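Asks: give me a 3D structure for the following:
(2 chains)
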Amino acid sequence: MAETIREYLDTVQEQIRWKRARPVVVRELEQHLADQRDAFLEEGTTPETAERMAVEEMGDPVTVGTELDRVHRPTPQWGLLAAVIALALLGGVLRVWLTASAAEYYENVDPFRTAVALALGTACLVGAYLLDYTWLVRHAAGVYIGALVLGALSLWLAPNINGASYYTRYVVLLYPTVYAVWLYHCRGKGWKGFFLAILGGVPLAAVGLLAPYSTGVLLLLLTGFVLLLTAAGTDWFGVGRGKTAAAAAGTAAAFIGSVAWMFWKHGLFQHRLLMLQHPELEPMSGGYQAMTVRKALSVSQWLGQGNWNEATYELTVPDWNHDFLLTTVVYKLGWLPFLLLVLAVAGLLLWLLRKCLRQRNQAGRLVALSVILTLGLQVVFSVLLNLGYVLFSVSVPLVSGNLHMAVTMGLIGLTLSVFREDSVARMYGTAHQPVSRIKLSFQKEENVQNGSHVLGISLIISRNGTKAAEDSSLS
Amino acid sequence: MEIDKSLVSGSMALLVMKLLEDGDKYGYQMIEELKRRSDDTFHLKAGTLYPLLHGLEEKGLVTAYEGEAAAGKPRRYYHLTKAGSAALREKEESWNTYARAVGRVLKGGACFG
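Replies: You can find the predicted model right below:
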């Protein structure tokens, strides 16, 4: 039988099988035992007796530990893990199969490389799934600086392909999630936290601009501002919900407005819009991609290969084996397989979103939301792109691009780690905190000895549920 | 007076949630408060309370956060959520119905057709 608090806690811990849950669960018991011991000490017992009595008071450590073990278990995400691997496998098969015809032009997707990417992606998925994501949140500053260093290194060392640093784009894809971690770091720090949150996005966006990888910068900006507005909804910085929301919306509007104005001034915006509506005006330059894609779609069927009568499809449609892989699906397999594929990816993201919105842990919800938004925006942009609305160069998550798929799987793995660790993450005290409230109470007490009545008035100002001030007067 | 354990265990969640109705508390406070309010009838062991609280948290009926108790000691405070309040009302209602029925039977006034 445990005699000391340490012995007692050790026995409780041994019963909890999930090692990560042990320290956080036991901390609360330790605080309780300390309170109980102090109470006995005040009654005049010796320290040894006080500790022994406190331990006795708490109950059998094995029973307590077993009960706690039952509550604190990781929540396995088998269904989602299987769905992600199945979709990645489908994407890999489609990539290899649909591009096999172009082996003679060296435009086919290498089966061996795809197999390696699938293995790497699955390792990233499972690795991130088993990772303690709360570690990232607890070491937010380090994660943020590490991500910036990684970005800088990739800019410096990575090969330059088509005028862009090749690997930097994959680092930039991680940045919305890095930003979510940074945002968590700024929590509860007042206006200083708000400005830090805004400023923190600048170096991340700068790496994207230097790559240059405009789609990545756009994903970061859109996701970042949505996360900021979501955070405002829970009075993230402690300056009031309305004020945070107004400041976040104001910053977003000012930022997006100024960027749009810059594009407008240089005529880039108008050109993009014109090309979106009338690609035929520049059939051999700005409108070429949209023209060829729309032509391919116009000859496609519901099921089966379309009737392309001109030069070889593979040599005409640009990037048909990567960014325009969905167009290739429509042309070579038909509209129905395309719709099913897009629905499958969208279904997976909605499944993730549903679970994310049910998260009560704020850090976890923020991390999961950053991934879902990044992937969701890519799906929207890539579907538009593949339907002939050429806005940005973008890959379809899990379907196109080998390395892109591996990075996507790693990000989804992180989201699944959030769902898996829901139970223990809450124990870190990151759950919703109620707002301040003031309570005025009147209490009538009867003094038994002299029969007089005493009226007590107490004013309790509590912030986040704990008593901050108490004032009482008697009459 | 010692009370039969089986009488208490089923209604413990109800009592714990009721304690949180008028303000957030940490575990030790809840045990003390329960003792006080029940004239020492309910001596809830901490070893029973914490698994119970964590279970309620899992179901979303309470949430917890780190707060400061007296002398700046960090303590884990529990807060009754909206879902928790609704569950409490429901549990209270069914408890009252049950208690009234038991009362009537014990008094011998109940009539079973």
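Asks: can you give the contact residues for stretch A:252-266?
Replies: A:221, A:225, A:228, A:229, A:269, A:270 (Cβ atoms under 8 Å, 6 or more residues apart in numbering or on different chains). Just so you know, the C-beta spots here come from the backbone N, C-alpha and C atoms, and that holds for glycine as well.
Asks: quick check on the residues you listed: which are buried?
Replies: Among those, those classed as buried by neighbour count (16 or more other Cβ atoms under 10 Å in any protein chain shown) are A:221, A:225, A:228.
Asks: mind listing which of the residues you listed are in strands?
Replies: In strands, judged by DSSP state E, none of the buried ones among the contacts of stretch A:252-266 are found.
Asks: for the residues you listed, give me a markdown table that also has distance to residue A:39 and pLDDT.
Replies: Listed next are the buried ones among the contacts of stretch A:252-266 as a markdown table, based on distance: Cβ to Cβ, whole Å; pLDDT from 0 to 100:
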| residue | distance to residue A:39 | pLDDT |
| --- | --- | --- |
| A:221 | 55 | 93 |
| A:225 | 51 | 93 |
| A:228 | 46 | 93 |
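Asks: got the residues you listed as JSON lines, with distance to chain B columns?
Replies: Formatted as JSON lines, the buried ones among the contacts of stretch A:252-266 follow (distance: Cβ to the nearest Cβ, whole Å):
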{"residue": "A:221", "distance to chain B": "32"}
{"residue": "A:225", "distance to chain B": "27"}
{"residue": "A:228", "distance to chain B": "22"}
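Asks: among those, which one sits closest to residue A:292?
Replies: residue A:221 (29.7 Å; Cβ to Cβ).
Asks: for that closest one, give me its contacts.
Replies: So, once contact is read as Cβ under 8 Å, 6+ apart, residue A:221 ends up touching A:201, A:205, A:255, A:256.
Asks: and the helix or strand hosting residue A:354, does that touch chain B?
Replies: Residue A:354 is part of helix A:335-357, with elements assigned from DSSP states H and E. No. Helix A:335-357 lies out of reach of chain B by Cβ under 8 Å from any Cβ of the partner chain, never closer than 12.9 Å.
Asks: now that helix: average pLDDT?
Replies: Averaging pLDDT along helix A:335-357 gives 96.
Asks: give the buried residues for that helix.
Replies: For helix A:335-357, by 16+ other Cβ under 10 Å, it's A:335, A:337-338, A:341-342, A:344-345, A:348-349, A:352-353, A:355-356.
Asks: in the following helix or strand past it, what's buried?
Replies: Downstream of helix A:335-357, the next assigned helix or strand under DSSP H and E is helix A:362-386. Buried residues in helix A:362-386, counted by 16+ other Cβ under 10 Å: A:362-379, A:381-383, A:385-386.
Asks: longest helix in chain B, please.
Replies: Taking DSSP state H as the assignment, the helix of chain B that covers the most residues is helix B:82-107.
Asks: for it, packing partners?
Replies: On a contact count with 3 or more Cβ pairs under 8 Å, 6 or more residues apart in numbering or on different chains; DSSP states H and E, helix B:82-107 meets helix B:12-21.
Asks: go with 10 Å
Replies: Secondary-structure packing of helix B:82-107 (3 or more Cβ pairs under 10 Å, 6 or more residues apart in numbering or on different chains; DSSP states H and E): helix B:12-21, helix B:46-58, strand B:62-68, strand B:74-80.
Asks: mean neighbour count added to the ones you listed, as TSV?
Replies: Formatted as TSV, the helices and strands packed on helix B:82-107 follow (neighbours: other Cβ atoms under 10 Å in any protein chain shown):
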stretch	mean neighbour count
helix B:12-21	19
helix B:46-58	21
strand B:62-68	21
strand B:74-80	22
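Asks: export these to CSV and tack on mean pLDDT and distance to residue B:30?
Replies: Shown next, in CSV, are these (pLDDT from 0 to 100; distance: least, Cβ to Cβ, whole Å):
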stretch, mean pLDDT, distance to residue B:30
helix B:12-21, 91, 5
helix B:46-58, 90, 7
strand B:62-68, 87, 11
strand B:74-80, 92, 8
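Asks: would TSV of those with distance to chain A be doable?
Replies: Formatted as TSV, these follow (distance: least, Cβ to the nearest Cβ, whole Å):
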stretch	distance to chain A
helix B:12-21	10
helix B:46-58	3
strand B:62-68	3
strand B:74-80	5
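Asks: which residues touch residue 51?
Replies: No chain was given, so I picked chain A. Taking Cβ atoms under 10 Å, 6 or more residues apart in numbering or on different chains, we find residue A:51 in contact with A:3-8, A:33-34, A:36-37, A:40-41, A:45.
Asks: not quite, go with chain B.
Replies: Contacts of residue B:51 (Cβ under 10 Å, 6+ apart): A:25, A:63, A:64, A:65, A:66, A:67, A:68, A:69, A:70, A:71, A:72.
Asks: any quick ChimeraX command for the buried ones out of these?
Replies: The ChimeraX command for the buried members of the contacts of residue B:51 (criterion: 16+ other Cβ under 10 Å) is given here:
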select /A:25,64,65,67,68,69,71,72
